[in-house]
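*Asks:* need the 3D shape of this:
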Amino acid sequence: MDLTKEPSKDEQVEDHTLYQKLVNTLDEYQEQSYLLDPYLEKLGLQDNQFFPHEVADLWIVLGYLDAENSCAQNPEQWALRYVLLLWLSLVCMLPFHLSQFDESENGHTARVIEHTTKRYLSNAGLEREGAAIVLSHYYMRQDTSQQFVEFFEWSKKTIPGNASLFTTIGILHVLCEVLKSGPLKLIRSRMPDFMALTNALDAREILMNNTLIRKFKTKLISRVSIIFTVQFHVEQEEDIDVPEEVEAVLDQLFAALQDKDTLVRWSAAKGVARIAERLSTDLADQVLETVLGHFAIHSVTAASLYDVPAIAEATWHGACLACAEMTRRGIVPPERLEKLVGWLSKALYFDLRKGAHSVGSNVRDASAYGLWALARSQEISSLAPLASDLARHLVTVSLYDREVQIRRAASAGFQEFVGRTSLFPHGIDVLRKTDFYAVGIRRNSFLLAAPQVAEHIEYRPYLLDHLLNVTLRHWDISMRRLGAQSLRRICLTDILMLGPEAIQKCVKLLQANDNSDIHGGLAGLTELTMAYEEILSGEILESKKREEIKLGAKSSVPNWSKIVEYGLKHRDRAVQESATATIGSMSKLTDCSNMVLRLIKELIQGTNSQRILGRLLGVIDYDTYPMCLPQSLRALLEGVNRLSGPFKSNVEARQACFEAMPILLQNTVPHLSYHLTVEDMSSIFDALLGGLNDYSVDERGDVGSWIRIACVNALGGILKQGVERLDNVRQESGRTFTKLLSLSPPDVDNSDRWIIHRSDFLQGLFVTGEETGWNDANWLFPKAVKILDVETYRKPVLLGLITSVGSLTDSTHRPVSANLVSYRMIFLIMQTRIPRQILLYPGRIKNIKRLHQSMKVELYKSCVETLPSFLSHQYPSVRSETAEFLYISLQSMDFVGDTEEAENLLLETEWSSINIGEVTEAANSVSSHLLTALANL
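*Replies:* Model (predicted):
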């Protein structure tokens, strides 16, 4: 491939295709990149063919970077420049003196490399990183060490001056790389200058606000200090004093452990551990003691871990990282293990609420890393006394932490201990239940893995304690719900032993001031109740429930009745529904009449609670305790009264009352004649029939449809609703009507009276076994118009069809209009005499589209009488549209009478004229001529 030659269009397409193929292949390995590990070496060998580092490549790279016409000069080709700089960093490591490559003056090649690379040092992004790597490799060469002196002097002048942010980052990157791998003789003599440079950084606040600056500064002082402490390795004498420079660096690193950014804390933790590794045992122990002291900075005055301030997150995270790094390097003495494990175990639960979220996941992750490192670096005999507590902590976090990465990190720590120490109880079995995949999905971890682990008595108390004291109090509602479900499954292992104590702790949560605690307590009690229902027999359970109700405020859950009543008046509908279900269950166990009568008065007056009154009155078990039935029925009938009822302006409340009526009847069915009189039944059915005519409309649309659906469900289906314009009303009506058609008549005298009129005909139309529902207008209306053959159903069905004709939805309007026209029921329509409120529609319609549809009617006596209201309408477009449609209709219809004069008037009149008097006169004349013509039919 010739990089200096502009590729053709075909070559560009081919290159892009190959590139996209490679990207698509590698993208599949993003989440599980380790699958590529066996092939990396092979891929690397193939890459080396295109990334050589031979003598001849030096000027190829330099020339391409400097050539004016090369792609590397394009500002958008930053990736190309980065790759070329990486290539140059490899070529710079050639073991030949650079002067051998000079073609003219001595040192020319070295100056070109430095000059070419240095100009990218102030760029943003990867180009700067590539340039820093090239310069570090360049300055570490023996033949260019003098250039490093010049670079360092330039850095000392640039950073305290007005160096830009990116330039400073690039300089620090180069210095850090040189300190990491450069020769000691190049660095040792300039150690004070390095420290002076970091002090100059501190003086520029604008630079120190940048995360990368603080990160590289931390790396810089760490590596400087490591060089200072080479002679203080563990194998040296114990009484050697630490240089003051090292103490100063350690103080800065201890402060950096509390930095607000993770990058800085991570660099500081590694720096502290590397320095401590090179100190004597006593001095390293002092470093560890100082690190452990960070945990106590914000927790000295805190009553518990959850009372520490949110700013403690950075401090605890830095301390955990430093402890993990020191542990991994084996510089934690056995006598410090107990204290170290104690703090790391507390850090496993570091989860502080901050507004609508929490902080601390990084602390928990670092703590798991520290415990994992313990298993790899400590003797089994030193870990044995701490093994049981460690096992319980790691298992609890691996099962119940909110974040998947924390659960997996804790599981990895548990696995490391099991594999290396074999100290954990039932280690292999528990590990099988809490492996990487088992804890990967939170629901599986809570509801499957946790109950399996709880089978082992060594872990069960810790899991229950964590659920009751942490998970049920968690800020995330999904955690509380899953925690309550997990509590139930664990308690099912021995509900009689574990249940009472769990109930007591859940009840204590109800006394808290935090809503999260109260919700967790209620959720836990709910799940424990379900657990008892699974274990205890029906009679024992009913007896227990009655005992709890009778105890009232002295029951195991004090003030439960207040909680239920508060739920009834809550603004959230789901809460109200749960509260009504609770009272419904109570009414089967005890007489709730006094409560119901009191609630009727209170709920009617409430704003959020009106809609739940109907639901409440429907779920009461009146068959067992009927004392409040008359008052409840009267409240329901008054509630559905649109004229004078308390809910006349509350559609949802009336809907609930209508829905409650059939439920009330179901609850009294065993002794219906005893509980309700004939007058009561008549009142209920009259109310339901009246609800079918509720067409209330507000800003939400046809809200009356909610009530009509409720009445349809109660009465068993009304055909008029089955052919109306709303899909959901038709579907509900059709479902109920079809169900009625399939019912057999009761086994009583004169059972024929209970059979629906013309049921065979209707079953042939609608009970076909097809899956299509009544909400499909194309399926329904061809069948629905045939019902007009049955005189009993004609008027209500026709009224419903006419309502659908006026629909603004084409999916309803078009099918019903087409089927009505094709059915040709003109004579029957005349006999039916369409009500005048339908014909006299134009004056009240404001929608132009509906006006145009309303005037498209067949021209017969009943309709022609209203024709002037369209031809003389206030909107000119309605007048013109009506005249045009009428003229075309007259041309296509075969009348015995003469309509020529009417047609001439329609053509000659200027219907869009602003002279409304002329238009009105012409409209009346057209109507008069048509009535005369129709009289001759």
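*Asks:* for the residue nearest to K588 when sequence neighbours are not counted, list the residues it contacts.
*Replies:* Nearest non-adjacent residue to K588, counting by Cβ to Cβ, 6 or more residues apart in numbering: D621, 4.5 Å away. Yep, even glycine has a C-beta here, placed from its N, CA and C like the rest. Applying Cβ atoms under 8 Å, 6 or more residues apart in numbering, we find D621 in contact with G584, S587, K588, N667.
*Asks:* now do the SS call for N123.
*Replies:* Using DSSP: H, G, I helix; E, B strand; the rest coil, the three-state assignment for N123 comes out as coil.
*Asks:* what's the neighbour count on it?
*Replies:* N123 is flanked by 18 other residues according to other Cβ atoms under 10 Å.
*Asks:* what of P385?
*Replies:* 12.
*Asks:* can you classify it by secondary structure?
*Replies:* helix.
*Asks:* what about the closest residue to it other than its chain neighbours, neighbour count?
*Replies:* If the residues on either side of it in the chain are set aside, P385 comes closest to E338, at 7.7 Å by Cβ to Cβ, 6+ apart. The criterion is other Cβ under 10 Å. On that basis, E338 has 11 neighbouring residues.
*Asks:* you'd agree E338 is up against L383?
*Replies:* No: proximity of E338 to L383 does not meet the contact threshold set by Cβ atoms under 8 Å, at 10.7 Å.
*Asks:* which strand or helix spans the residue nearest to K588?
*Replies:* Secondary structure assigned from DSSP states H and E places D621 in neither a helix nor a strand.
*Asks:* so for it, what's the pLDDT?
*Replies:* Taken from the predicted model, the pLDDT recorded for D621 is 85.
*Asks:* likewise L175?
*Replies:* For L175, the model assigns a pLDDT of 93.
*Asks:* contacts only, for the nearest residue to it once chain neighbours are set aside.
*Replies:* Take L175 and drop its neighbours on the chain: the residue closest to it by Cβ to Cβ, 6+ apart is L220, 6.0 Å away. L220 makes contact with L172, L175, C176, L179, F194, L197, T198, according to Cβ under 8 Å, 6+ apart.
*Asks:* and L220, how far from L492?
*Replies:* According to Cβ to Cβ, to the nearest Å, L220 and L492 sit 59 Å apart.
*Asks:* and what of S104?
*Replies:* To L492, S104 is 88 Å away according to Cβ to Cβ.
*Asks:* again with G567
*Replies:* Distance of G567 to L492, given as Cβ to Cβ: 27 Å.
*Asks:* so which of those two has more stuff around it?
*Replies:* Looking at G567 and L492 with other Cβ under 10 Å, you find the greater number of neighbours at G567, namely 21 against 18.
*Asks:* what helix or strand is that one on?
*Replies:* Of the helices and strands defined by DSSP H and E, G567 is found in helix 560-568.
*Asks:* and what of K544?
*Replies:* helix 538-551.
*Asks:* quick one: the strands in this protein?
*Replies:* Under the criterion DSSP state E, strands of the chain are mapped to 352-354, 357-359.
*Asks:* where's L18 relative to V112, distance?
*Replies:* 33 Å.
*Asks:* with neighbour numbers in mind, choose between the two.
*Replies:* Residue environment comparison for L18 versus V112 gives the larger neighbour count to V112, 19 against 10, counting by other Cβ under 10 Å.
*Asks:* what's the closest non-adjacent residue to that one?
*Replies:* L62 (5.8 Å).
*Asks:* which ones are touching the one you found?
*Replies:* Neighbour list for L62: L88, V112, I113, T116 [criterion: Cβ under 8 Å, 6+ apart].
*Asks:* which pLDDT value belongs to the last one?
*Replies:* Think T116. Here the pLDDT value assigned to T116 is 88.
*Asks:* shouldn't it be in contact with G63?
*Replies:* No: the criterion here is Cβ under 8 Å, and T116 misses it with G63 at 9.9 Å.
*Asks:* those two - which one has more neighbours?
*Replies:* Neighbours were counted for T116 and for G63 using other Cβ under 10 Å; T116 has more, 19 against 13.
*Asks:* find the nearest non-adjacent residue to that one, please.
*Replies:* Nearest residue to T116 in three dimensions, chain neighbours excluded: L65, at 5.5 Å (Cβ to Cβ, 6+ apart).
*Asks:* for E114, see how far away that neighbour is.
*Replies:* Note on L65: its distance to E114, by Cβ to Cβ, is 13 Å.
*Asks:* out of the two, which sits in the busier spot?
*Replies:* L65 (22 against 18).
*Asks:* would you mind listing the buried residues in stretch 162-170?
*Replies:* For stretch 162-170, the buried set under the neighbour-count rule, 16 or more other Cβ atoms under 10 Å, comprises A163, L165, F166, T167, T168, I169, G170.
*Asks:* okay, how far is it across stretch 462-480, tip to tip?
*Replies:* According to Cα to Cα, to the nearest Å, stretch 462-480 extends 17 Å from its N-terminal end residue to its C-terminal end residue.
*Asks:* residues in contact with it?
*Replies:* Contacts made with stretch 462-480 from outside it, assessed by Cβ under 8 Å, 6+ apart, are listed as 349, 351, 353, 357-358, 392-393, 395-396, 399-400, 402, 450, 453-454, 482-484, 486-487, 490-491, 498, 502, 505-506, 509, 512, 514, 516-517, 519-521, 523-524.
*Asks:* repeat that with 6 Å
*Replies:* For stretch 462-480, contacts defined as Cβ atoms under 6 Å, 6 or more residues apart in numbering pick out 353, 358, 392, 396, 400, 402, 454, 483, 487, 505, 516-517, 519-520, 523-524.
*Asks:* E14: which of the residues you listed is nearest?
*Replies:* Minimum separation from E14 among those (Cβ to Cβ) is found for R402, which lies at 49.3 Å.
*Asks:* what about that closest one, how many neighbours?
*Replies:* 19.
*Asks:* any idea how far P333 is from R265?
*Replies:* From P333 to R265 the distance is 24 Å (Cβ to Cβ).
*Asks:* between these two, tell me which one has more neighbours.
*Replies:* Between P333 and R265, counted using other Cβ under 10 Å, R265 has the larger neighbour count: 27 against 15.
*Asks:* so that one versus K215, what's the distance?
*Replies:* According to Cβ to Cβ, R265 stands 10 Å off from K215.
*Asks:* again with V249
*Replies:* Where K215 is concerned, V249 sits at a distance of 15 Å (Cβ to Cβ).
*Asks:* same check, this time on S649
*Replies:* 65 Å.
*Asks:* more neighbours: those two, which one.
*Replies:* Remark: of S649 and K215, K215 carries more neighbours, 24 against 12, as counted by other Cβ under 10 Å.
*Asks:* pLDDT-wise, which helix or strand of this protein ranks last?
*Replies:* Ranked by mean pLDDT, DSSP states H and E, the helix or strand of the chain with the weakest confidence is helix 826-832, at a mean of 39.
*Asks:* tally of neighbours for L447?
*Replies:* The local packing of L447 (other Cβ under 10 Å) involves 15 other residues.
*Asks:* next: R443.
*Replies:* Taking other Cβ under 10 Å as the criterion, the count of residues near R443 is 11.
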